[in-house]
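Peer 1: here is my input, please return the structure:
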Amino acid sequence: MTQPAQPAENPKGNFQVRSMVAKELPAETTYPLGEDEYKTLRDGVSSDAKSGLYFCLGLFFSALVGLFSLYENADWPTFWAHQRGILLVLFGILLVIVAASVTGCCICLRLLMREDSPCSRLKMRIERHFNDSSAGGQS
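Peer 2: Below you'll find the model as predicted:
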């Protein structure tokens, strides 16, 4: 009887599992992430500010289309001859909507660009953790 073939010596750090060779992973620095921190990173900066921005942009472009169509479709000679004010009221309402939506866009952009959001603070803390650990490992 012959003896079964002995597996060849594996280099240090490798081991064999059935027919697959797996290499040992190098030591890595990790950051323990809690559930609340995960949710903060998942949601990003602020989903409320993003949805508000999209809402204001939608209002802005809708009001612009309304202004353009009202201007193009108005019967101006009849308006000036009879001096009916409903056309001016509609223009005023659309102009107020345009102004309010531009203001809302500015406010939402300011909220999105602020540096002191929970997400940005968490990202800075994680980055500081990895920078400190890599600086400690190099010395």
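Peer 1: just give the nearest non-adjacent residue to the residue most central in space within the chain, would you?
Peer 2: The residue lying closest to the centre of the chain (C-alpha atoms, centre = their mean) is Gly44, at 5.5 Å. Spatial nearest neighbour of Gly44, excluding adjacent residues (C-beta to C-beta, 6 or more residues apart in numbering): Cys119 at 5.8 Å. Using the backbone N, CA and C atoms, a C-beta is placed for each residue, glycine as well.
Peer 1: and the one you found, that's in a helix?
Peer 2: Yes: applying DSSP: H, G, I helix; E, B strand; the rest coil, one finds Cys119 inside a helix.
Peer 1: where exactly do the strands run in the chain?
Peer 2: Applying DSSP state E to the chain gives strands spanning 14-17, 20-23.
Peer 1: and these, which one is worst for confidence?
Peer 2: Of all the strands of the chain, strand 14-17 carries the lowest average pLDDT, namely a mean of 58.
Peer 1: where does the chain have low pLDDT?
Peer 2: The chain contains residues with pLDDT under 70 at 1-22, 45-46, 115, 136-139.
Peer 1: now do 50
Peer 2: 139 (pLDDT under 50).
Peer 1: which parts of it are helices?
Peer 2: 35-43, 47-73, 76-82, 86-113, 118-138 (DSSP state H).
Peer 1: Leu25: which of the ones you listed is closest?
Peer 2: helix 118-138 (15.8 Å; C-beta to C-beta).
Peer 1: now for the closest one, which elements pack on it?
Peer 2: Secondary-structure packing of helix 118-138 (3 or more C-beta pairs under 8 Å, 6 or more residues apart in numbering; DSSP states H and E): helix 35-43.
Peer 1: ok now the helix it packs on, how far from the chain's centre?
Peer 2: How far helix 35-43 lies from its chain's middle: 13 Å, per C-alpha atoms, centre = their mean, to the nearest Å.
Peer 1: show me what that helix is packed up against.
Peer 2: Looks like helix 35-43 contacts helix 118-138 (3+ C-beta pairs under 8 Å, 6+ apart).
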